[in-house]
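K.L.:
Got a sequence here, can you build the structure:
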Amino acid sequence: MDIQCPTCGEPWDMVHLLEDEPYEWDLHPVARLELTERGRFTGPADPAREAAKAAGWEFAGDSLLSFVRCPACPKESPGILHEMVAKERRERVAAIASVLDDDPDGLASVLSDMGGAP
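P.N.:
This next block holds a predicted model:
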């Protein structure tokens, strides 16, 4: 099941996000294994979250599925209208993640139905 980035629209496979993507981050193998087993960060100060951010990811919640920016997002602003729509979509992801963050299947289902950026 694909989840589209709410900022740029890039599709990301749920299984890839949960199992493979953390291998792209500069994580100690033990920390990476713990993260992939949990499928979520331990909170805002989790070092894995910082490693993900360094790789271009931002998350609305603790789930690896609740991303609001991805490495495919443009570094510079694509225009004010696009930014306004993307901001609204990121806010929706944050609201959905606040309710479904403990339910990865439910979160993935709702986020995949939501679609990505225009």
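K.L.:
the strands in the chain, which residues?
P.N.:
For the chain, applying DSSP state E gives strands covering 2-4, 11-13, 58-59, 67-69.
K.L.:
could the ones you listed go into CSV alongside distance to Leu107, mean pLDDT and mean neighbour count?
P.N.:
C-beta: built from backbone N, CA, C; applies to glycine. Shown next, in CSV, are the strands of the chain (distance: least, Cβ to Cβ, whole Å; pLDDT from 0 to 100; neighbours: other Cβ atoms under 10 Å):
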stretch, distance to Leu107, mean pLDDT, mean neighbour count
strand 2-4, 9, 87, 20
strand 11-13, 13, 93, 17
strand 58-59, 12, 90, 19
strand 67-69, 11, 88, 22
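K.L.:
between those, which one is nearest to Leu27?
P.N.:
Closest approach to Leu27 among the strands of the chain is made by strand 58-59 (15.0 Å; Cβ to Cβ).
K.L.:
Name the strands paired with the closest one and say parallel or antiparallel.
P.N.:
Here strand 58-59 is paired, per DSSP bridges, with strand 67-69 (antiparallel).
K.L.:
Just the residues contacting the strand it pairs with, thanks.
P.N.:
3, 5-8, 12, 17, 56-60, 90, 93-94 (Cβ atoms under 8 Å, 6 or more residues apart in numbering).
K.L.:
Pick out whichever of these sits closest to Glu37.
P.N.:
Using Cβ to Cβ, the contacts of strand 67-69 come closest to Glu37 at Leu17, 14.3 Å.
K.L.:
from memory that closest one sits against Ile3, does it?
P.N.:
Yes. Between Leu17 and Ile3 there is a contact under Cβ atoms under 8 Å: 7.1 Å.
K.L.:
Which neighbours do these two have in common?
P.N.:
Common contacts of Leu17 and Ile3, defined by Cβ under 8 Å, 6+ apart, comprise Leu65, Phe67.
K.L.:
helices and strands around the lengthiest helix in the chain, which ones?
P.N.:
Longest helix in the chain by number of residues (criterion: DSSP state H): helix 80-100. Packed against helix 80-100, as judged by 3 or more Cβ pairs under 8 Å, 6 or more residues apart in numbering; DSSP states H and E, are the following elements: strand 67-69, helix 104-114.
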